[in-house]
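Enquirer: quick one, structure for this:
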Amino acid sequence: MIHLVEKEFKINPKIFSFKKENIFSSILGTLLAGVMVAVSTYMFTLLYNKFAAFNAETAFAIIYLFLLTIVSLMYAVVIARKTFFNERDNQITITKPIDRFALIGSKALYLFLVLLTFELILFAPHYVTFGIKAGRFPGYYMLVIFSIIFHTLFDLGIALILIIGLEGLMRFLKRNVPMRVILTLLVMITLTAIYGYVLMLFLNLINGNTISYLFSAETIRSMKVIASKLYPDVFISQSLLTMNVENVFAYYSIAIAIFIMGIVILYIFFPLVVNLFNESNSRRKKKLRRSKNQTMALFKKEFLVMTRDNENPSSFTSLVVIGPILTVMVVASINNSFKSGIFSIYSAILPNFMQNVNILIVLLFSSLISLGGTSLLRSEDKSIRLVKIIPYSLTKQMFVKMSIPLLATVIANTLALVALVSFNFIGWKLFVFLLFAVILLNASLIALSFRSEIQNFRKPNNPNSLASFIAVFLPAIIVAFNMVTSIMWGFSEYLVYSIDIGVLLILGAFVGGYLKRNFRNDIHALEVIN
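Expert: Next comes the predicted model:
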């Protein structure tokens, strides 16, 4: 059992890693998680203070924590499915004389430890903030930690019950690419709309603007009614927040029962579902039409490879479609918040402040899109040998692979920039600069990601630390340079933009040197490692 748990930590994504090739990714992931939790806790504190004036802080806290529960449950379902339906792992373990209970128990224990870490980070700051605001005694904080353990059991139990049906749905959608893309886009558009609303609310709060519709008498009454009906989560949140611990133990019982039910259901159906899916995969054959045009055939082949992958097409397609919308929403919200309120002083004092903020947002979001589509070799899976023997230039195949995410990124960001110019959030000078910057930066990131994939081709999780590091820190460095030179030396916009493009051209030159010297050799070296 211990060896099986150790195996799960080796084959599944690591939250933290101190190996040289993973250190940047771990640092960036940690910083991102810290920022998200800090923003969420800060927003919780601001809203708590406002609702406290209407004697509705407890009802607000219950609803807020319920929304966090939905987030934690979604995360639990995603990682549970990835853990239990890891195709390569199941091909090995399902045919070995491993006790089924030990196999399921080891995966469940791994998931519990990962989820517990996630939920402690997510929930504890909010419960601690409430405890400080409400003046709770030390026993409250001990009860919070104990309750989060059972909250993790509850989420894991629900996830174990749902993942078999979810895996069946994902297998169906894998065979129906248009339906999968449409469904993914609908989900992402909904989440984007929710994100936009929350972003607007957050910026209005920290900017000191009033949001009267949130604090009407009818809204307060409705919120209290809703907070009392959020079963079973209300058992734990309301009991903890009001220190009426009777219902806490009811929640503990429910959590244990749900977890046991999930284990039993998975114990019965897991091997049947895995074997059924493996048989359907082995019987499935696709008829392909030959294309006389070599380049078109390569593009068609890359599309089929992308759509064969469960994760890459959905996530990348979503980023391509949602990226421009999200970029425009964030730029619009940030620009509006700096036009009035406490933040307006920055745009009044600092030269070209809003232009630099817009540069940072656009470059960060464009990098996110391009890095989302850079699983160039991993999507080939076991067919990498065929890539090397088909009668097409191997170098040309790889350039086609790299051109797809770059082309998608450029088109997506061009649409975003056109929208920003149309709504007068940016000027034409900034539009032209950002268009060139997006092309140069993301072409370099895609090439660096390709290099990283070659170096780590046989690893289950290909680290992409250098490209991730550049994607985050280079835009920040460019913006910091722009602001410093504008303040200290009064550089004009044209000069600043020219220097920025020069920096990106230097990066592109280094990447171009790699492509010229080592690209072909690296591709052919895959023959040795595959």
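
Enquirer: give me the low-pLDDT residue ranges for the stretch 101-250 of the chain?
Expert: 177, 180-181, 184-185, 188, 191-193, 195-216 (pLDDT under 70).

Enquirer: same thing but at 80, please
Expert: 101-103, 168-219, 228, 230-248, 250 (pLDDT under 80).

Enquirer: helices of that one, start to end?
Expert: Per DSSP state H, counting those that start in this stretch, the stretch 101-250 of the chain carries helices over the ranges 138-175, 177-206, 217-228, 233-242, 246-283.

Enquirer: packed most tightly, which of those helices would that be?
Expert: helix 233-242 (a mean of 22; mean count of other CB atoms under 10 Å). In this view, the C-beta of every residue, glycine as well, is placed from N, C-alpha and C.

Enquirer: tell me the angle that one makes with helix 217-228.
Expert: Counting by axes from the mean of the first three to the mean of the last three CA atoms, to 10 degrees, helix 233-242 lies at 110 degrees to helix 217-228.

Enquirer: which residues does the residue nearest to I226 when sequence neighbours are not counted contact?
Expert: Excluding its sequence neighbours, the residue lying closest to I226 (CB to CB, 6 or more residues apart in numbering) is I63, at 6.3 Å. Contacts for I63 (CB atoms under 8 Å, 6 or more residues apart in numbering) come out as M223, I226, A227, L230.

Enquirer: wait, the third one sits on F51?
Expert: No - proximity of A227 to F51 does not meet the contact threshold set by CB atoms under 8 Å, at 11.0 Å.

Enquirer: joint contacts of those two?
Expert: A59, F60.

Enquirer: which stretch among the helices of the stretch 101-250 of the chain comes nearest V77?
Expert: helix 138-175 (4.6 Å; CB to CB).

Enquirer: by contact count, what packs against that closest one?
Expert: helix 57-84, helix 100-134, helix 177-206, helix 233-242, helix 246-283 (3 or more CB pairs under 8 Å, 6 or more residues apart in numbering; DSSP states H and E).

Enquirer: if you set the cut-off to 10 Å instead, what comes out?
Expert: The contact analysis (3 or more CB pairs under 10 Å, 6 or more residues apart in numbering; DSSP states H and E) places helix 138-175 against helix 57-84, helix 100-134, helix 177-206, helix 233-242, helix 246-283, helix 294-308, helix 312-337.

Enquirer: turn the ones you listed into JSON lines, including distance to A217.
Expert: As requested, these are exported to JSON lines (distance: least, CB to CB, whole Å):
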{"stretch": "helix 57-84", "distance to A217": "13"}
{"stretch": "helix 100-134", "distance to A217": "23"}
{"stretch": "helix 177-206", "distance to A217": "20"}
{"stretch": "helix 233-242", "distance to A217": "22"}
{"stretch": "helix 246-283", "distance to A217": "28"}
{"stretch": "helix 294-308", "distance to A217": "53"}
{"stretch": "helix 312-337", "distance to A217": "28"}
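
Enquirer: coming back round to it: with distance to L115 as extra columns, can I get the contacts of I63 in TSV?
Expert: As requested, the contacts of I63 are exported to TSV (distance: CB to CB, whole Å):
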residue	distance to L115
M223	29
I226	26
A227	25
L230	20
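
Enquirer: of these, closest to G427?
Expert: The closest of the contacts of I63, once distances to G427 are taken by CB to CB, is M223, at 43.1 Å.

Enquirer: from S468, how far off is that closest one?
Expert: 40 Å (CB to CB, to the nearest Å).

Enquirer: K107 now?
Expert: K107 sits at a distance of 28 Å from S468 (criterion: CB to CB).

Enquirer: the two: who's more crowded?
Expert: K107 (24 against 21; other CB atoms under 10 Å).

Enquirer: how about the more buried one, nearest residue that isn't a chain neighbour?
Expert: With CB to CB, 6+ apart as the criterion, K107 has its nearest non-adjacent residue at 5.3 Å, and that residue is T83.

Enquirer: L111: what's it in contact with?
Expert: 8, 12, 76, 79-80, 82-84, 152, 155-156, 159-160 (CB atoms under 10 Å, 6 or more residues apart in numbering).

Enquirer: again, only using 6 Å
Expert: Contacts here follow CB atoms under 6 Å, 6 or more residues apart in numbering; on that basis L111 touches A80, T83, L156.

Enquirer: over to V77?
Expert: V77 neighbours (CB under 6 Å, 6+ apart): A159, L162.

Enquirer: element containing L47?
Expert: Using DSSP states H and E, L47 maps to helix 23-52.

Enquirer: now the angle from that helix to helix 217-228?
Expert: Using the same axes, to 10 degrees: helix 23-52 against helix 217-228 is 120 degrees.

Enquirer: which secondary structure elements does helix 23-52 contact?
Expert: For helix 23-52, the elements it packs on are helix 57-84, helix 100-134, helix 465-488, judged by 3 or more CB pairs under 6 Å, 6 or more residues apart in numbering; DSSP states H and E.

Enquirer: okay, angle between it and helix 57-84 too, please.
Expert: Per the same axes, to 10 degrees, the angle that helix 23-52 makes with helix 57-84 is 150 degrees.

Enquirer: angle of helix 23-52 against helix 465-488?
Expert: Using the same axes, to 10 degrees: helix 23-52 against helix 465-488 is 60 degrees.

Enquirer: average pLDDT for helix 23-52?
Expert: Mean per-residue pLDDT for helix 23-52: 74.

Enquirer: in the stretch 301-450 of the chain, which spans are helices?
Expert: 312-337, 344-349, 353-372, 384-389, 394-422, 428-455.
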